[in-house]
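Student: Fold the following, please.
(2 chains)
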Amino acid sequence: MAALAPLEKHAGLVHAVTTTLLAPPDREIEVLGRVPAGASRAQAVAHLRRAATEVRRRAVQTVGTAGAGHIGGEFSITDALVTLYLSVMNISPAQVERGDPERDRIVLSKGHAANALYTTLAVGGYIAPEALRTFLQPTSMLNGHPARTKIHAVEASTGPLGHGLPIAVGMALAARLDGSERRTFVLLGDGELQEGSNWEAFMTAGHQKLDRLVALVDRNRLQQGARVADTNDLEPLADKLRAFGWEVVEVDGNDVGALLDAYAGVPAASGKPTFVLAHTDKGFPVSYMRDDVAWHHKVPSAEQVTQALTELDAVLASIDTEEKPA
Amino acid sequence: MTATGIGTDAAAASVPEERTLFDCRDSWAATIAEVARADERVVVVVNDSVGSSKLGPFQKEFPQRTINVGIAEQDMVGIGAGLANGGKVPFVSAAGCFLTARAMEQIKADVVYSQYNVKLIGQSPGVAYGDLGPTHHSIEDFAWLRTLPGITIVAPSDPEETAQVVRWAAEHDGPVYVRVSRMGVPAVHAPDYAFVPGRAVTLRDGDDVTLIATGTTVVRALDAADALAADGVAARVLAMPTIKPLDDDAVIAAARETRGIVTIEEAMVTGLGGAVAQVVVENHPAPVRSLGFRDEFAVTGSAEWLLDHHGMSPSGIAATARTLLG
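Tutor: This is a model prediction of the structure:
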């Protein structure tokens, strides 16, 4: 690490930051932006897969150099984040900067996946990629949990679990009062659903028939210390949500194509909020992390970072191969 | 005496019989309807507290803008933050005890840390629910909330001030907590009174001792000053509607110009008393006596009785003031 001059004021950061910088990544992440208009489904999927893989490449290096983070749960939610920001949502850096009231809203309720969010924001052009080098560093805008007062694109400060869904319900109610078609998306952890406040909000959203509200649960089956099922089981989760008045859509949450299809069908039922039960793996797709509870907030060694990059580069190569015309 | 609220048992009555007493909730209810007519962004969020917040007429006039989440305070405050994100001006109105204690983390993270424009209306705070017991008392709210950076805390002392504070809160961009009491209070402010946030009001001048009161205790301080005047003691009476930010200048002047300060609050003394003591000690050390509740759950009793019992009858306040005069 080296002390550097203040960073330039980045689009999307409320303040310039003066801080020490983490070592740079092997290559800086590219601002890929949204799926181009008119892209075929195959092209959209390739764009999103590439973006998600680039986010993971960058995020694992950030955690490695910062010496802290929640890489397992970041890798499980990355596909959902990328799909929303780069394709599904009506949102852009310009809309965020000017505070467009009609932008779609998103809340990352599992705020400990902040690094995945920040990296997705960089790929989407909301913050400068170089800002990622300030993650967790003194006075950085990039806290371990996202702060609304520090980053324009963050709609709500999160971190304590069980907060995002009630906030999202309020956002959806505001949209309804405005007679607006804008949508509200909230990303929840599965362990997080042990917080009772979620169930208050599930009830309210169902009662209010908020069909422009979409909650995705990152069902990676692991919480900080153990498997969810061994701690305080959620099942039968889909039945519970149906009983609360939600339409449930089950999907492979690490498959951007499946996520695209699920979101394309929203609202899944008129007069009902949509619950996307996204089956994921913590640590996806890195072999040594996948579905291993140790990787909630374990920090990869330099060798492990290298191995992760090797595996992720293989994913990138496969995307390139699939994209080539037969 | 016009019995407009609880706590009016004759044995405990400590104000002259001929006074007309007001329930400040009536002023709150009339004023929130007035501001809602003028500003369509204004909405109320309640936890099955339409009746106790006297919002029946408001709900009838603005059914869409009355969001009743049921008995779910965490949900209620989070929804308030989400509504503010959508450009609304939510007044979240609930019994002070449940609003602040049950939803403290939502107040901290969703509203204050996120700096959302949410108005928190603590109904029947302090010991207004007297004999319902400590579970229903909200005497901790000042102490808890004043630890949060960026919230304004106000306790109006009469109907006119209540109305002005509600109007000000609707205009102000930022988190505000307002106490609205159901305890009967007379009008204490002059007809030309104008509430200024963060400013004390000198209701009575004097150089011997200073009485600093807030909310329901202001009238008691005035009565105590009358009792002291009968003994030739000139007590300065400062109404301190804004607990945070505190009017440091008025406190320092009182410490400098009088022989000591008595604070009187329907709260734990770590609220107004703690705030005043810190300013005095850091700026102009002088004797301070704090009247209120200290390190105990209140015994059974009506609101008026409890204030008297805890040294906040006019004679009790006067007796404490005399201890500062040597």
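Student: Read off the pLDDT value for A:W295.
Tutor: What the model reports as pLDDT for A:W295 is 89.
Student: ok, how many other residues are close to the closest residue to it other than its chain neighbours?
Tutor: Leaving aside its sequence neighbours, A:W295 sits nearest to A:G72 (Cβ to Cβ, 6 or more residues apart in numbering or on different chains; 3.5 Å). All C-beta spots, glycine's among them, are computed from the backbone N, C-alpha and C. Neighbours of A:G72 under the rule other Cβ atoms under 10 Å in any protein chain shown: 27.
Student: got the CA coordinates for the helix or strand containing A:G72 in CSV?
Tutor: Using DSSP states H and E, A:G72 falls within helix A:71-83. C-alpha atoms of helix A:71-83 as CSV (Å, rounded to 0.1, in the frame of the first residue of the first chain):
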residue,chain,number,x,y,z
ILE,A,71,-16.4,-13.4,-0.4
GLY,A,72,-18.6,-16.5,-0.2
GLY,A,73,-21.9,-14.6,0.0
GLU,A,74,-20.6,-12.1,-2.5
PHE,A,75,-20.0,-14.7,-5.1
SER,A,76,-23.4,-16.2,-4.6
ILE,A,77,-25.2,-12.9,-5.1
THR,A,78,-23.0,-11.5,-7.9
ASP,A,79,-25.2,-12.9,-10.7
ALA,A,80,-28.3,-11.3,-9.3
LEU,A,81,-26.6,-8.0,-8.8
VAL,A,82,-25.1,-7.9,-12.3
THR,A,83,-28.3,-9.0,-14.0
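Student: who touches the helix or strand following that helix?
Tutor: As assigned by DSSP H and E, the chain's next helix or strand after helix A:71-83 is helix A:93-97. By Cβ atoms under 8 Å, 6 or more residues apart in numbering or on different chains, the residues outside helix A:93-97 that reach it are A:11-12, A:100, A:102-103, A:124-126, A:152-153.
Student: Surely B:R289 is in a strand?
Tutor: Yes - applying DSSP: H, G, I helix; E, B strand; the rest coil, one finds B:R289 inside a strand.
Student: Can you give me the separation between it and chain A?
Tutor: Going from B:R289 to chain A by Cβ to the nearest Cβ, to the nearest Å gives 38 Å.
Student: if I pick that residue, what's in contact with it?
Tutor: Listed by Cβ under 8 Å, 6+ apart, the contact set of B:R289 reads B:260-263, B:320-321, B:323-324.
Student: re the thing from before, tell me what the helix holding A:G72 is packed against?
Tutor: helix A:41-66, helix A:114-123, strand A:184-189, strand A:213-219, helix A:256-264 (3 or more Cβ pairs under 8 Å, 6 or more residues apart in numbering or on different chains; DSSP states H and E).
Student: Of these, which is nearest chain B?
Tutor: strand A:184-189 (7.9 Å; Cβ to the nearest Cβ).
Student: following the closest one, which helix or strand shows up next?
Tutor: Downstream of strand A:184-189 (by DSSP H and E), the next one is helix A:196-208.
Student: What residues sit buried inside that following helix?
Tutor: Buried positions in helix A:196-208, judged by neighbour count with 16 or more other Cβ atoms under 10 Å in any protein chain shown: A:197-206, A:208.
Student: got those as JSON lines, with distance to chain B and pLDDT columns?
Tutor: JSON lines is the format used below for the buried residues of helix A:196-208 (distance: Cβ to the nearest Cβ, whole Å; pLDDT from 0 to 100):
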{"residue": "A:S197", "distance to chain B": "4", "pLDDT": "98"}
{"residue": "A:N198", "distance to chain B": "9", "pLDDT": "98"}
{"residue": "A:W199", "distance to chain B": "9", "pLDDT": "98"}
{"residue": "A:E200", "distance to chain B": "4", "pLDDT": "98"}
{"residue": "A:A201", "distance to chain B": "5", "pLDDT": "98"}
{"residue": "A:F202", "distance to chain B": "9", "pLDDT": "98"}
{"residue": "A:M203", "distance to chain B": "7", "pLDDT": "98"}
{"residue": "A:T204", "distance to chain B": "5", "pLDDT": "98"}
{"residue": "A:A205", "distance to chain B": "10", "pLDDT": "98"}
{"residue": "A:G206", "distance to chain B": "12", "pLDDT": "98"}
{"residue": "A:Q208", "distance to chain B": "8", "pLDDT": "98"}
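Student: Closest one of these to B:G274?
Tutor: B:G274 has its nearest neighbour among the buried residues of helix A:196-208 in A:S197, at 30.0 Å by Cβ to Cβ.
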